[in-house]
Structure formats: structure tokens, C-alpha cells
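Colleague: predicted model and sequence below, questions to follow.
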Amino acid sequence: MALDQRKGVWKTAPGKGRGTPKGRQLDDTALAEVRALLEGRPLSRDMLIEHLHLIQDTYGHLSAAHLRALAEEMRLSMAEVYEVATFYAHFDVVKEGERPPPALTIRVCDSLSCELAGSQQLQAALEQGLDPAEVRVLRAPCMGRCDSAPVLELGHHHILNATEAKTHAAIAAGHTHPDMPDYQGLAAYEAEGGYQTLAALRADGNWEEVQDRVLSSGLRGLGGAGFPSGKKWGFVRAADGPRYLAVNGDEGEPGTFKDRVHLEREPHVFLEGMLIAAWAVEAERVFIYMRDEYPAIIALLRREISALEVAGHVSAGYIDLRRGAGAYICGEESAMIESIEGKRGIPRHRPPYVAQVGVFGRPTLVHNVETLYWVCKVCREGPEILSSVEKNGRRGLRSFSVSGRVRSPGMYQLPAGSTITDLIAAAGGMAAGHSFKAYQPGGPSSGLLPASKADIPLDFDVLQEEDTFIGSAAVVVLSDQDSARDAALNMLRFFEDESCGQCTPCRVGCEKAVKLMSAPSWDQPLLEELCTAMADASICGLGQAAPNPIRLTMRHFPEEIE
């Protein structure tokens, strides 16, 4: 057979070739709908996640037709759009022929505090009592409301101390929107002297003097790393511009809710601290990356940022608020920067560090919300607000998120040298009928310590002697009615779900650890070998710290796993 007579050969003669390019075809209706949503909005590559949110919020899912239209409008490949959309938990991608999810979704928190409060039983009851065609019930990671466990999210409305009855009542009332907190607005903050410090520094301040003040206060990064805060300023300031400031508001470590409390009460203390830090490094733009589980805070920040622009404290567009999409890994600073750029939240290899190569490849100062809260306090009230507080040989104050088996879970500001005994006392003591057994000192990454270790000051550089750390100061208290083994398994399941999948030691290691920990008795030599591989070879802190719950449970609670 001649070559030109075979079927399937591309031909250029009229009527002989393929009428359309390969791949998904562009749907005119979907394109018109996407264009209407994006009208007047920038189409730069870094806005991809924001535009995916627009489509998800409007239609309740991301159809293949809308994804194809978005790729066309943003001049991106379909593969780029699809890989980002499928990376984040809060996007529902629906392919051709698939049924979209129901109009209403319930996400039931399965973090340790909520599990202790009965979230598994609540989820099972909701799944049995609701029509799956009308309401979708999903388990979800920590929502930053551990002080009100169990918690679920109905649409964008969080039901605190959730019950089946409360949930049915909210569904009947159509209450799916976030409730705005009663916070201090701009006018009230200015009446107390707010933004006067910023104005004075902008007028004739010396950034090195401010840096020295922050350093002398002893303030360290309160997102978990504990790096001396002022030192970062010098590193970024020394680099050629343009420079940026990126705020890490992705408070995803289970058990952590301190940033939420600060923002719900005094957002402008944080905002002024942020603008002082931006002034110090001459940042040309500020990015706030806020987790999607905090819809009310996202709304109030939009409102207050607009108020700052109207009042002339910042120029329009100087503060760029970005919305996460449900990925714990984006709490890692380089993964957060990837997400700000509209990509999957995949941690970068280092060096280079973000102080030299950050957002859009430019020098970037990264700070946590609570750190900037204290920057403002230190600049307004002096470094003594932290350095003068001393307990157990430690200096400073910490915002502790306390939950679990205590009478009054909540955020408590206590001296940095406080012990778990002090925290339990601040939280009203142990819950009725419970005796103190163990505690998680700094989120699941820190593992568990037994009650016999109750005299250790909870601060940086102290807990390392116990092969753990304070991290984000997410303290969860366990009692004699709880299983350390089950708690450790809860932590590893979280890491298994949230691993970004980039490196094999973390991706496969977390999965294998969960299987080994689910056995009637633990194969401790094999688990120890697995822990060593994960800690030594994982790219970022998720995989490196994931073995801590395993190792500390084997060390301190051997009777539960043998």
C-alpha cells in the first residue's frame, strides 16, 4: 500500500487532515464563563490559584471544560493548570462524564484534638444521617480550631463543638457562610496610637537601630524554626532589590491556632508589625499567604487592607493577599513561595535560601504572623516587653495553643520557660475525670512526651535534649483514657495525607509507617530503620520530623506497642 493511502496519516490536502488539535477541545460556553469571571483581573502566571478559587467558588467544582478555558485565557498548558488544580485538597476537579460533587460539603476535622473529642463518631453519624446525593461528608486535616473540638466546616461556616444536631440545624438554616469575629478595626487601633510608630520610622527611622531593638528583645521566629528574627532583615537588606516580604499565615500544624486568635482580635497589631518589617528591608511588595481554612480572617484582612489604602498608610496593591487551597506543606517557606507563584506547593532544594532567591526569584523576607505581632509590640513598647520576662532561665513570652484533655482549651500567653504543668493550670486543670498521661509539645512533628517529663521548660533549645522541639507551641494534652499508640498513628496518617510526594523517603516512608503502626504489635527494628531513612534523606522538615511520633512512642510507651 502506498504511503498516502494508509489511514491515520496527517494530510494537508483540503478535507483530508485532522480538523482540531489533539487534546481537550475548547468549549465556547465555558470560555465565555471564565472570561466573565476574570474580567478586569490580571492574567499573570502567579494568579492561577486565585483564578481556580474563583471557578471553584462559583460553580462548586472545576470542570474539565473550565480548566481548558482557563488554560486558554491564561496562555498556559492544560498540564500546568491540571497539575496545580489536583495538588490542592480544596479544589474538586471533575473530568468529562464524571458527576460533580453535591452542592454542600461537610469537612470533619480528624486532627488529634478533634479525634479525642469524638470526631470519628460524628463523621460516621453524619454519613449515615445525610443523603450523599445532597451533602458530601469528608474527613479533613486540622482547621485551627482545636480549642473548640470537635469542629467541622459546612461550606465556609465552622461549627464549633460540633454535634449532629447543630449540623442539621445549620443545614436547615442555610448557614454556610463564615461568621465574622468581633475584632479591633482601624479606627479603634489608631485611637490607641496605632501606626504612629510606623509613621515615625518612615519619616526618619534607622532600620539598623530597629533591627538591634528586635534582636535585643530575644524575639525568634515563631512559626517553628526559632531563627533570631532581626538577623533575617540584614540578610535580605544586603541583597540587591527588588525585595519582597512574604507572610506565612498557613498555620497548618495540627493543634496550632495562635495566629488565628491574634488575627481575630487585633489584626492591625500584626499589620503594623508587617509594614515595619517591610520598611526595614525596603520591600517593594508584601504578600500575605493565608490558609483557606480561615475564610473569616481572609475576609477581614481584605476589608482592613482596603481601609489602610484609603487611609493612606499603604499604596493600592502594595499588600497582596493570597489564599491557600488546603495543603499543609505550604507552611514550609519555600513551598509557600511556590504557591504564591501559582504553582504546586513543592519545597525547593536549598541553597539558595529564600533570603536570596524567594518570590519571583528575588530576595524575600519570610515571617510568621505571631512574629510580626511581636515586632510591632517591641517597636511600640520596647524590647523589655519580652526580654524582661524570665522563667526557669528562659526569657520572653510565647502564645501557646492548648487543647485536648483540659477544662478550658485556648490560646494562653505565658513566659517562654513555662512547663506543661503551668499550661494545664492556665487551662483550668485537667478535664473532669481525666488524669494527665502525656502531651504533644509542639504539634505532631514533635511527637509525645510522658507525664514524667512535666518539668521541662517549653522553649527553643531545651526540648532538643528529649529529641523533640517546641515548634509552633501546639500543645495537646492526653489523659489516662487515651492511647499514645493511637495518637501516634493519628499523627502519621496526617503526614501520609499531607506529604507533597516530591521525595521517596517521605512519600513512601509515611505510607509504610502507617501500615506498620496499624499492626497488632509494632516491628520496632524495622520502624527504626524506616525512621532513620526518612529523617536522613527527606528534602524538607515534614519527612525529617515525621519519625518523631514513632520514636518517642517506642521510647516512652513501650507497653502499648508490644
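Modeller: That came through fine. Residues are numbered from 1 along each chain as shown.
Colleague: report the strands that pair with the helix or strand hosting Tyr244, each with its relative direction.
Modeller: Using DSSP states H and E, the element containing Tyr244 is strand 243-249. Strand 243-249 sits in its sheet next to strand 283-290 (parallel), strand 364-368 (parallel), going by DSSP bridges.
Colleague: and among those, the most buried is which?
Modeller: Ranked by mean neighbour count under mean count of other CB atoms under 10 Å, those are led by strand 364-368, which reaches a mean of 26. For the C-beta atoms, the positions are set from N, CA and C on the backbone; glycine is no exception.
Colleague: what average pLDDT does the following helix or strand past that strand get?
Modeller: On the C-terminal side of strand 364-368, the nearest following helix or strand under DSSP H and E is helix 369-381. Averaging pLDDT along helix 369-381 gives 97.
Colleague: following the chain onward from helix 369-381, which element is next?
Modeller: helix 384-387.
Colleague: so for that following helix, mean pLDDT?
Modeller: Here the average pLDDT along helix 384-387 is 96.
Colleague: check which helices and strands it is in contact with.
Modeller: Packed against helix 384-387 by the contact rule (3 or more CB pairs under 8 Å, 6 or more residues apart in numbering; DSSP states H and E) you find helix 207-217, helix 369-381.
Colleague: now the helices for the stretch 301-450 of the chain?
Modeller: With DSSP state H, counting those that start in this stretch as the criterion, the stretch 301-450 of the chain has helices at 333-340, 369-381, 384-387, 420-426.
Colleague: so Tyr373 touches Phe270, yeah?
Modeller: Yes. Tyr373 is in contact with Phe270 according to CB atoms under 8 Å; the separation is 4.9 Å.
Colleague: who touches both of those two?
Modeller: Common neighbours of Tyr373 and Phe270, using CB atoms under 8 Å, 6 or more residues apart in numbering, are His262.
Colleague: hang on, the earlier thing: can you put the strands paired with strand 243-249 in JSON lines and add distance to Ile550?
Modeller: Shown next, in JSON lines, are these (distance: least, CB to CB, whole Å):
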{"stretch": "strand 283-290", "distance to Ile550": "30"}
{"stretch": "strand 364-368", "distance to Ile550": "27"}
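Colleague: determine which of those approaches Ala172 most closely.
Modeller: strand 283-290 (30.4 Å; CB to CB).
Colleague: tell me the spacing between Val462 and Gly393.
Modeller: 9 Å (CB to CB, to the nearest Å).
Colleague: more crowded one of those two?
Modeller: Val462 (19 against 9; other CB atoms under 10 Å).
Colleague: contacts only, for the more buried one.
Modeller: Contacts of Val462 (CB under 8 Å, 6+ apart): 394, 456, 470.
Colleague: in CSV: these, plus pLDDT, neighbour count and distance to Cys506.
Modeller: Output for the contacts of Val462, formatted as CSV (pLDDT from 0 to 100; neighbours: other CB atoms under 10 Å; distance: CB to CB, whole Å):
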residue, pLDDT, neighbour count, distance to Cys506
Arg394, 94, 19, 32
Ile456, 96, 19, 28
Ile470, 93, 26, 22
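Colleague: so which of those residues is the closest to Arg291?
Modeller: Within these, the smallest distance to Arg291 is 20.9 Å, found for Ile470 (CB to CB).
Colleague: next, count neighbours for the closest residue to the closest one other than its chain neighbours.
Modeller: Residue nearest to Ile470 in three dimensions, not counting chain neighbours: Gly442, with 4.6 Å by CB to CB, 6 or more residues apart in numbering. Number of residues near Gly442 (other CB under 10 Å) recorded here: 26.
Colleague: can you give me the distance of Gly442 to Pro450?
Modeller: Counting by CB to CB - Gly442 and Pro450 are separated by 16 Å.
Colleague: repeat for Phe270
Modeller: Distance from Phe270 to Pro450, by CB to CB: 36 Å.
Colleague: ok, now which ones touch the spatially most central residue of the chain?
Modeller: Among the residues of the chain, Asp250 comes closest to the average C-alpha position under CA atoms, centre = their mean, at 2.7 Å. Counting by CB under 8 Å, 6+ apart, Asp250 touches 289-291, 324, 328, 330-331, 336.
Colleague: compare Phe270 and Pro450 (neighbour count), which wins?
Modeller: Each of Phe270 and Pro450 has its neighbours counted (other CB under 10 Å); Phe270 has more, 27 against 16.
Colleague: check contacts around the more buried one.
Modeller: With contact taken as CB under 8 Å, 6+ apart, Phe270 is in contact with 262-263, 369, 372-373, 376.
Colleague: identify the farthest-apart pair in these.
Modeller: Farthest pair in the contacts of Phe270, by CB to CB: Leu263 and Cys376, 12.9 Å.
Colleague: which of these two has more neighbours?
Modeller: Between Leu263 and Cys376, counted using other CB under 10 Å, the more crowded position is Leu263 (28 against 24).
Colleague: was I right to think that one contacts Ala299?
Modeller: No. Using CB under 8 Å, Leu263 is not in contact with Ala299, being 11.3 Å away.
Colleague: now render the contacts of Val462 as CSV, adding distance to Val310.
Modeller: CSV is the format used below for these (distance: CB to CB, whole Å):
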residue, distance to Val310
Arg394, 43
Ile456, 49
Ile470, 40
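Colleague: now the angle between strand 283-290 and the helix-or-strand element of the chain with minimal mean pLDDT, please.
Modeller: Among the helices and strands of the chain, helix 229-238 carries the lowest confidence by mean pLDDT, DSSP states H and E, at a mean of 90. Angle of helix 229-238 versus strand 283-290, following axes from the mean of the first three to the mean of the last three CA atoms, to 10 degrees, is 130 degrees.
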